[in-house]
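Undergrad: Sharing a model prediction with you, sequence too.
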Amino acid sequence: MPANRPLVIVTRKLPDAIETRMRELFETRLNLDDTPMDQAALIDAVQKADVLVPTVTDRVDSKVLVRAGSNLKLIANFGNGVDHIDVKTALERGITVTNTPGVLTEDTADMTMALILAVPRRLVEGAEELKAERFEGWSPSWMLGHRIWGKRLGIIGMGRIGQAVARRAKAFGLQIHYHNRKPVHPQIERDLSATYWESLDQMLARMDIVSINCPHTPATYHLLSARRLKLMKPTAYIVNTARGEVIDENALARMLEAGALSGAGLDVFEREPAVNPKLMKQKNVVLLPHMGSATIEGRVDMGEKVIVNIKTFADGHKPPDRVIPAML
Ligand code: 8YV
């Protein structure tokens, strides 16, 4: 790759300040009208680029990667999750992959907490009732939801985002439980008054609210399968701001329809942008269009990380946010 000005192809529209800086530093091709790239466009990009900057909407799979030109040496993902990139094939072909960890933790945790509040307290439903002019004055029995204070929250995936959710939830009076590949540091557990469950099945059966905060990997695909969803209490709620694929969406929709679960707050879906029509019909769900990390500040910080990763790599050093297979 040309040492100083690699050809960087960016697949989507990024914040202006980021695009401007990228053009100052690199030979940069932008996507100003923000049309998502189809497979043919992606193949064309990987054939030309020294560096590809994709997002979650690009499927950088082995079919795309086998067509990559020999000059493609870095995929600097704009985003934390890399489940849309075949990292193994990339690494086998000598392509480094980086992501943007850390900078969307607090925003995603805020949105998770918002859903933890919104679903049991019927926030969206209430707002819709008012706009539909069905508010006829206060009533002791109208729009009753459920208290979250004192309830048990089970966090699946106690990484950076899971812990940030736990800090918020503790302040709201929830009891923190979690399932993770391994327990977190004892000091963190003490600070959060958190209880570790090695068995996900056992934890699920006892929680009032379950929050998904783990990445989507082959090991977490449909982690919340139909069998596991059935272990949950019918009074329980489920919140997902991680990846749709972690829950069997069809099974979840069926259970909500049957009243076997009390509600769900979902920011992510299995086949985005498509959303299961059964979910759309439910009253007890809050559905958001994958906006957990959607703050201007967060997007600029993500862009800065992408720039640092490309610049460090182009200068001949190891970029700070390399994705290594052990992480997946
Ligand atoms: C990002 C996300 O905005 O970073 C992630 O993993 O899910 C999102 O919040 C998106 O991935 C951008 O590519």
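TA: Arrived safely. Numbers count the residues shown, from 1 in each chain.

Undergrad: Was I right to think residue 72 contacts residue 42?
TA: No - in this structure residue 72 lies outside contact range of residue 42 using CB atoms under 8 Å: 11.4 Å. (C-beta placed from N, C-alpha, C; glycine too.)

Undergrad: State the helix or strand in which the residue most central in space within the chain lies.
TA: Geometric centre of the chain, nearest residue: residue 242, 3.4 Å, by CA atoms, centre = their mean. In the assignment (DSSP states H and E), residue 242 maps to no helix and no strand.

Undergrad: now swap in residue 235 and tell me
TA: Element membership of residue 235 [criterion: DSSP H and E] is none; it lies in no helix or strand.

Undergrad: I'd say the residue nearest to the centre of the chain and residue 157 touch.
TA: Yes - proximity of residue 242 to residue 157 meets the contact threshold set by CB under 8 Å, at 6.8 Å.

Undergrad: now the closest residue to residue 163 other than its chain neighbours: how far from residue 27?
TA: The shortest distance from residue 163 to any residue that is not its chain neighbour, by CB to CB, 6 or more residues apart in numbering, is 6.6 Å, and that residue is residue 188. Using CB to CB, to the nearest Å, residue 188 is found at 44 Å from residue 27.

Undergrad: Show me the domain layout of the chain.
TA: Domain assignment of the chain by automatic domain parsing yields the ranges 7-101+295-327, 105-287.

Undergrad: if we can go back for a sec, for the nearest residue to the residue nearest to the centre of the chain once chain neighbours are set aside, the count of nearby residues, please.
TA: Among residues not flanking residue 242 along the chain, residue 212 sits closest, at 4.7 Å (CB to CB, 6+ apart). Neighbouring residues of residue 212 were enumerated by other CB atoms under 10 Å; the total is 26.

Undergrad: what's the answer for residue 277, then?
TA: The number of residues near residue 277, taken as other CB under 10 Å, comes to 8.

Undergrad: How about the residues of the stretch 101-250 of the chain by the ligand?
TA: By CB under 6 Å from any ligand atom, the residues of the stretch 101-250 of the chain that approach the ligand are residue 104.

Undergrad: For the closest residue to the ligand within the stretch 101-250 of the chain, what are phi and psi?
TA: The nearest approach of the stretch 101-250 of the chain to the ligand comes at residue 104, 5.6 Å away (CB to the nearest ligand atom). Dihedral pair for residue 104: phi -110, psi 10, per degrees, to the nearest 10.

Undergrad: Report the contact partners of it.
TA: Contacts for residue 104 (CB atoms under 8 Å, 6 or more residues apart in numbering) come out as 80, 292, 293, 298, 301, 302.

Undergrad: of all those residues, which two lie farthest apart?
TA: Looking at the contacts of residue 104 by CB to CB, the two members farthest from one another are 292 and 301, with 14.4 Å of separation.

Undergrad: where are the low-confidence patches of this protein?
TA: Applying pLDDT under 70 to the chain flags residues 1-3, 326-328.

Undergrad: Tell me where the longest helix sits in it.
TA: helix 296-314 (DSSP state H).

Undergrad: what comes up buried for it?
TA: Within helix 296-314, the residues that qualify as buried are 298-314, counting by 16 or more other CB atoms under 10 Å.

Undergrad: Output the contacting helices and strands for it.
TA: On a contact count with 3 or more CB pairs under 8 Å, 6 or more residues apart in numbering; DSSP states H and E, helix 296-314 meets helix 16-25, strand 51-53, strand 74-76, strand 96-98.

Undergrad: Out of those, flag the one nearest residue 273.
TA: With respect to residue 273, and counting by CB to CB, the nearest of those is strand 51-53 at 20.9 Å.

Undergrad: If you count contacts, what does that closest one end up packed against?
TA: Based on contacts counted as 3+ CB pairs under 8 Å, 6+ apart, the elements that strand 51-53 packs against are strand 7-10, strand 74-76, helix 296-314.

Undergrad: Identify all contacting residues around the helix or strand that comes right after the shortest one.
TA: Secondary structure here is assigned by DSSP H and E; on that basis, the next helix or strand after strand 74-76 toward the C-terminus is helix 87-92. With contact meaning CB under 8 Å, 6+ apart, helix 87-92 is reached by 60, 61, 62, 65, 66, 75, 96, 97, 323, 325, 328.

Undergrad: Got a ChimeraX select line for the buried ones in the residues you listed?
TA: Only the buried members of those end up in this ChimeraX selection, burial being decided by 16+ other CB under 10 Å:
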select :60,65,75,96,97,323
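
Undergrad: out of the contacts of helix 87-92, which are inside strands?
TA: Among those, the subset assigned to strands under DSSP state E consists of 75, 96, 97.

Undergrad: want to try a markdown table for those, with distance to residue 90 as columns?
TA: Written out in a markdown table, the entries for the ones in strands among the contacts of helix 87-92 read as follows (distance: CB to CB, whole Å):
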| residue | distance to residue 90 |
| --- | --- |
| 75 | 6 |
| 96 | 8 |
| 97 | 5 |
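
Undergrad: now, which of those sits nearest residue 153?
TA: residue 97 (32.7 Å).

Undergrad: wait, what's in contact with residue 229?
TA: Contacts for residue 229 (CB under 8 Å, 6+ apart) come out as 238, 247, 248, 251, 252, 255, 260, 261.

Undergrad: Much appreciated, bye for now.
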